[in-house]
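# Predicted model and sequence follow; I will ask about them next.
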Number of protein chains: 2
Amino acid sequence: MLKKFINDPKKVVDEMLEGFLFAHSDKVKKLSTSRVIVRKDAPIKGKVGLVTGGGSGHKPAYIGYVGEGLIDAAAVGEIFSSPSAQQIYDAIKAVNSGRGVLCVLGNYSGDVMNFDMASDMAKEEGISVEQVIINDDVGSGSKEQMENRRGVAGEVIVWKAIGAKAQEGANLEEVKKVAEKVNSNTRSMGVAHSPCAVPSLPYGGEPTFTLGENEMEIGVGHHGEPGVERTKMKSADEITEILMEKVLQDLPFKENNEVSVLIDGLGSTPLLELYIIYRKVAKILTQKKIKIYKPYIGEFFTSLEMGGFSITLTKLDEELKRLLDAPTNAPLFVHV
Amino acid sequence: MLKKFINDPKKVVDEMLEGFLFAHSDKVKKLSTSRVIVRKDAPIKGKVGLVTGGGSGHKPAYIGYVGEGLIDAAAVGEIFSSPSAQQIYDAIKAVNSGRGVLCVLGNYSGDVMNFDMASDMAKEEGISVEQVIINDDVGSGSKEQMENRRGVAGEVIVWKAIGAKAQEGANLEEVKKVAEKVNSNTRSMGVAHSPCAVPSLPYGGEPTFTLGENEMEIGVGHHGEPGVERTKMKSADEITEILMEKVLQDLPFKENNEVSVLIDGLGSTPLLELYIIYRKVAKILTQKKIKIYKPYIGEFFTSLEMGGFSITLTKLDEELKRLLDAPTNAPLFVHV
């Protein structure tokens, strides 16, 4: 059992949201009838609306990224469960100012089904809705089965880029193109050595998976989904080499590419270890003559208290560099 | 054993620093002969120099707070061990521009001894050095024995305030007064339900303390030091009430006070839980008619992968509000 600082396990999401709103109501608000967090000034006149969402337990994702220069609304599901179609529909309506709405979601069947239904509902009311499904996780399927790949920390880079693009005043088609460009230029892969637990007992929960004393899972998903290999613990450098090889060859990333590097802690991995990993990533990229334009190191998309990390590379062009550099006031986006 | 993503356990600090410098060398540099991280533009003409430091394993503290508007230099010790007097002396020299240097440190015997020695060495060379020792941890001693209390997350608020004050051009005496004011206006208390481990085995380490399946330690220190009570797990609201009662009555904080609230995750506690805790803190303060000026919620001063959190309240006046609101470009300070 993993211990937790919670009250009623059934109320963790509502109580978290209450705390979040106490802290950040200068920037965001909750829809009165739906578990959706939106920018306080939404809908923003003349701007394409941006909607995302998914299960809870991934903070700072998703609600921490609602703000100026980032996402307009996030539909909030239960822990590791999709928000309902109704919630997503409410989010779309709340951010639509007449220039259309782009939904961005990770490739999970529940999310895909509910976002599809919500889009249909909104379209019936004459709202222009487009959708981009993120599938950056190399550990969840072969290159021939891209449509099976899950969306993981690469979503953060997509949100940041489209957030800036929409803020610049781009139209729906242009913003969608940026989302697709980032998605097709992004590859991620993760590893975990210890599990997380969905709150269930009074103040704890059963681990989502179990690993041996000296074991880790390479390619693990954001909810503990199985990866590509279960193996003995190796050194940080060896693990980083394994992940980087898979990530680099998949796109592939090549000499003279410029990239952003996101080292994402999954929950309980100390920042100290993430910097040891970044050290090796930087060395590998330098050796391959791939230039790091921007490093993101920290917790950007977690899985409760999972012990692990993922590496996300995104190939950048001049437009994406400008968009990643643009400001945002979202409460939990770490500026670098 | 707690598993870790490391290489040689003896090299974790050096390798972390190498990664940190790969990522942030636009803002900071390492002294060539000493394990000290300093602002890239140090010493800054006309500005009082600010030095801190301590053991590693507390990231973002200390090195993540080196930057414009915050700290000028951080001396980096081994995991949970003080940096040497020589390192601290090197830090003082590196940031001295002639207006003097203020050292701020937590109240730990090793740190106090080494900062004292370093100050003496610097003074012998004619550098004006002052020192403020932070002791905000209510869980580590009674009010009658303030000199025994440890420094914990309250140090973050001290650094932020003096960083802004020095940036404004204040003199050494004025900056020192701000550090003393924040320290005397700040109270913290923590709790943990699971330990951290200093890296020792190839890719792991033995827990610094052990707790039963359903136990937690109230008043725990940043290195696993014993607190005031070992008890059964309680609800987040009950734990928050216990901590808040001790913190509030100790200063005491009173009706109509304005405060900053820092909910600091110690390592593996999900942000979701920190917001559930903040919810209860906000309710208690509202009921007591104490106004929250600024909330800080996240990981500001960790203990590797410890499962726990602390609550820090600081009574603010107009000067401190201005200083907390001031900008900083330190790599790992989360802006709110």
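All right, it came through fine.

# What segments of chain A are strands?
Using DSSP state E, the strands of chain A run over residues A:2-3, A:28-30, A:36-39, A:49-56, A:73-79, A:101-106, A:129-134, A:186-194, A:204-205, A:215-218, A:229-232, A:258-265, A:291-298, A:307-315.

# The nearest residue to residue A:2 once chain neighbours are set aside - how many residues pack around it?
Closest residue to residue A:2 in three dimensions, ignoring its sequence neighbours and counting by C-beta to C-beta, 6 or more residues apart in numbering or on different chains: residue A:197, at 4.0 Å. Using the backbone N, CA and C atoms, a C-beta is placed for each residue, glycine as well. By the measure other C-beta atoms under 10 Å in any protein chain shown, the count of residues near residue A:197 is 22.

# doesn't residue A:304 make contact with residue A:197?
Yes - using C-beta atoms under 8 Å, residue A:197 is in contact with residue A:304, at 6.9 Å.

# tell me the contacts of residue A:304?
A:57, A:79, A:196, A:197, A:198, A:267, B:270, B:272 (C-beta atoms under 8 Å, 6 or more residues apart in numbering or on different chains).

# Ok, residue A:284 next?
Residues in contact with residue A:284 (C-beta under 8 Å, 6+ apart) are A:240, A:241, A:244, A:248.

# Same question for residue A:149.
The neighbourhood of residue A:149, defined by C-beta under 8 Å, 6+ apart, consists of A:107, A:135, A:136, A:137, A:138, A:140, A:141.

# Any idea which of the strands of chain A gets closest to residue B:180?
Nearest to residue B:180 among those is strand A:291-298 (31.9 Å), distances taken as C-beta to C-beta.

# for that closest one, packing partners?
In terms of contacts (3 or more C-beta pairs under 8 Å, 6 or more residues apart in numbering or on different chains; DSSP states H and E), strand A:291-298 is packed against strand A:258-265, helix A:271-287, helix A:318-325, helix B:12-24.

# Tell me which residues are up against that strand.
By C-beta under 8 Å, 6+ apart, the surrounding residues in contact with strand A:291-298 are A:156, A:256-265, A:271, A:274-275, A:278, A:282, A:285, A:316, A:321, A:324-325, A:334, A:336, B:19, B:22-23, B:332.

# cool, stretch A:328-336 as well?
For stretch A:328-336, contacts defined as C-beta under 8 Å, 6+ apart pick out A:20, A:23-24, A:27-28, A:59-60, A:63-71, A:160, A:163-164, A:294-298, A:300, A:327, B:23, B:271, B:298, B:331-332, B:334-336.

# Please indicate which of the residues you listed are buried?
Neighbour-count burial within the contacts of stretch A:328-336 applies to A:20, A:23-24, A:27-28, A:59-60, A:63-71, A:160, A:163-164, A:294-298, A:300, B:23, B:271, B:298, B:331-332, B:334, B:336; the criterion is 16 or more other C-beta atoms under 10 Å in any protein chain shown.

# count of residues packed around residue A:35?
With other C-beta under 10 Å as criterion, residue A:35 counts 22.

# Any figure for the gap between it and chain B?
Using C-beta to the nearest C-beta, to the nearest Å, one gets 14 Å for the distance from residue A:35 to chain B.

# List the contacts of that residue.
Residue A:35 makes contact with A:13, A:14, A:17, A:75, A:76, A:83, A:87 under the criterion C-beta under 8 Å, 6+ apart.

# try it again with 10 Å
Listed by C-beta atoms under 10 Å, 6 or more residues apart in numbering or on different chains, the contact partners of residue A:35 are A:13-14, A:17, A:53, A:56, A:74-78, A:83-84, A:86-87, A:90-91.

# And residue A:279, by the same measure?
A:236-237, A:240, A:263, B:7, B:14-23.

# Hmm, residue B:272 and residue A:9 touching each other?
No - here residue A:9 does not reach residue B:272: they are 11.9 Å apart, not a contact under C-beta atoms under 10 Å.

# what sits in contact with each of those two?
Common contacts of residue A:9 and residue B:272, defined by C-beta under 10 Å, 6+ apart, comprise A:79, A:199.

# Looking at these two, which is more packed in?
residue B:272 (26 against 16).

# So the spatially closest residue to the more buried one that is not a sequence neighbour versus residue A:56, what's the distance?
Residue nearest to residue B:272 in three dimensions, not counting chain neighbours: residue A:16, with 4.8 Å by C-beta to C-beta, 6+ apart. In this structure, residue A:16 and residue A:56 are separated by 7 Å, where distance is defined by C-beta to C-beta, to the nearest Å.

# Repeat that for residue A:305.
When distance is defined by C-beta to C-beta, residue A:305 is 14 Å away from residue A:56.

# Residue A:138 too?
Applying C-beta to C-beta, one obtains 25 Å for the distance of residue A:138 from residue A:56.

# repeat for residue A:161
Going from residue A:161 to residue A:56 by C-beta to C-beta gives 24 Å.

# Residue ranges in chain A under the pLDDT threshold?
For chain A, the stretches with pLDDT under 70 are A:335-336.

# Output stretch A:4-13 as PDB - backbone C-alpha positions only.
Once side chains and other backbone atoms are set aside, the C-alpha atoms of stretch A:4-13 remain, and they are given as PDB (Å, rounded to 0.1, in the frame of the first residue of the first chain):
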ATOM      1  CA  LYS A   4      -1.400   9.300   0.800                       C
ATOM      2  CA  PHE A   5      -2.300  12.700   2.200                       C
ATOM      3  CA  ILE A   6      -5.900  12.700   1.300                       C
ATOM      4  CA  ASN A   7      -9.400  12.700   2.900                       C
ATOM      5  CA  ASP A   8     -12.200  10.700   1.300                       C
ATOM      6  CA  PRO A   9     -10.600   8.800  -1.700                       C
ATOM      7  CA  LYS A  10     -13.800   9.600  -3.700                       C
ATOM      8  CA  LYS A  11     -13.300  13.300  -3.200                       C
ATOM      9  CA  VAL A  12      -9.600  13.800  -4.100                       C
ATOM     10  CA  VAL A  13     -10.300  15.400  -7.500                       C
END
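
# Test my guess that residue A:190 contacts residue A:310.
Yes - between residue A:190 and residue A:310 there is a contact at 3.4 Å, judged by C-beta under 10 Å.

# more crowded one of the two?
More neighbours sit around residue A:310 than around the other of residue A:190 and residue A:310, counting by other C-beta under 10 Å; the figures are 31 against 28.

# For that one, which residues are in contact?
Taking C-beta under 10 Å, 6+ apart as the contact definition, residue A:310 lies against A:136-139, A:152-154, A:188-192, A:219-222, A:243, A:247, A:262-266, A:277, A:300-301, A:303.

# let's see 6 Å
Neighbouring residues of residue A:310 by C-beta atoms under 6 Å, 6 or more residues apart in numbering or on different chains: A:152, A:153, A:188, A:190, A:264.

# who's more crowded, residue A:305 and residue A:56?
Relative neighbour count places residue A:305 above the other of residue A:305 and residue A:56, with 28 against 25, counting by other C-beta under 10 Å.

# Against residue B:44, how distant is the closest residue to residue A:299 other than its chain neighbours?
Beyond its immediate neighbours in the sequence, the residue positioned closest to residue A:299 (C-beta to C-beta, 6+ apart) is residue A:265, lying 4.5 Å away. Residue A:265 sits at a distance of 32 Å from residue B:44 (criterion: C-beta to C-beta).

# quick revisit: list just the nearest of the contacts of residue A:279 to residue A:252.
In terms of C-beta to C-beta, no member of the contacts of residue A:279 lies closer to residue A:252 than residue A:240, at 17.6 Å.

# ok so, going back, deepest in the core, which of the helices and strands packed on strand A:291-298 is it.
Mean neighbour count, computed with mean count of other C-beta atoms under 10 Å in any protein chain shown, is highest for strand A:258-265 among the helices and strands packed on strand A:291-298, reaching a mean of 24.
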